[in-house]
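[1] What follows is a predicted protein model with its sequence.
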Amino acid sequence: MSKEFDPEKLSVVFVDDDKLLVDLFRMLAGEIHPGWEIQCFSDPMRALAYVKGYGSRIDVMVCDVNMPFVSGLQLFEIIRLKYPLIIKITLSGNIDSRTIMDSVKIAEYNLCKPIKGEALCGKIVELARLRHEGAI
């Protein structure tokens, strides 16, 4: 029997090159779900280094698609191979049809910016619950 799902005990990584959004997510998610372990990065390479050290403990990773040097899709492609159980959610403000198709292949869910903090946190919990139930 698997242990019961607890939406207040999730480990979440948030990556966006916009430092204001990183700080906003940290603040809002921390207020809505104070039990979450939240790690936020504005540099995708620092996020990758963190995942390499703690990947087996991470439940959900939310990442902007359009970032300089390393895109969110490139980051997720690397992570997907080594840590397939991390739920990957992409965020994008403007995205073309090719990127949408690539994103669908790599991430479990894709969201458009802007998005309210409550809605993003709700989607994180929903997807984590589905993963716990074996539905994704």
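    Yep, it's here.
[2] Now for Arg129: which residues touch it?
    The contact partners of Arg129, taken as CB atoms under 8 Å, 6 or more residues apart in numbering, are 5, 7. For every residue, glycine as well, the C-beta is placed using N, CA and C.
[3] 10 Å instead?
    5, 7, 10, 135-136 (CB atoms under 10 Å, 6 or more residues apart in numbering).
[4] Equivalent analysis for Val60, please.
    Contacts of Val60 by CB under 10 Å, 6+ apart are 10-14, 36, 86-89, 108-109, 123-125, 127-128, 131.
[5] For this structure, spot the helix or strand the model is least confident about on average.
    helix 97-106 (a mean of 83; mean pLDDT, DSSP states H and E).
[6] what's the span of stretch 51-62, first residue to last?
    End-to-end distance of stretch 51-62 (CA to CA, to the nearest Å): 12 Å.
[7] follow-up on the earlier one: looking at the contacts of Val60, which are in helices?
    123-125, 127-128, 131 (DSSP state H).
[8] So which of the residues you listed wins on neighbours?
    When neighbours are counted by other CB atoms under 10 Å, Ile124 leads the ones in helices among the contacts of Val60 with 25 neighbours.
[9] still on that earlier bit, can you redo the contacts of Arg129 as JSON lines with secondary structure?
    What follows is these, written out as JSON lines (DSSP: H, G, I helix; E, B strand; the rest coil):
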{"residue": "Phe5", "secondary structure": "coil"}
{"residue": "Pro7", "secondary structure": "coil"}
{"residue": "Leu10", "secondary structure": "coil"}
{"residue": "Ala135", "secondary structure": "coil"}
{"residue": "Ile136", "secondary structure": "coil"}
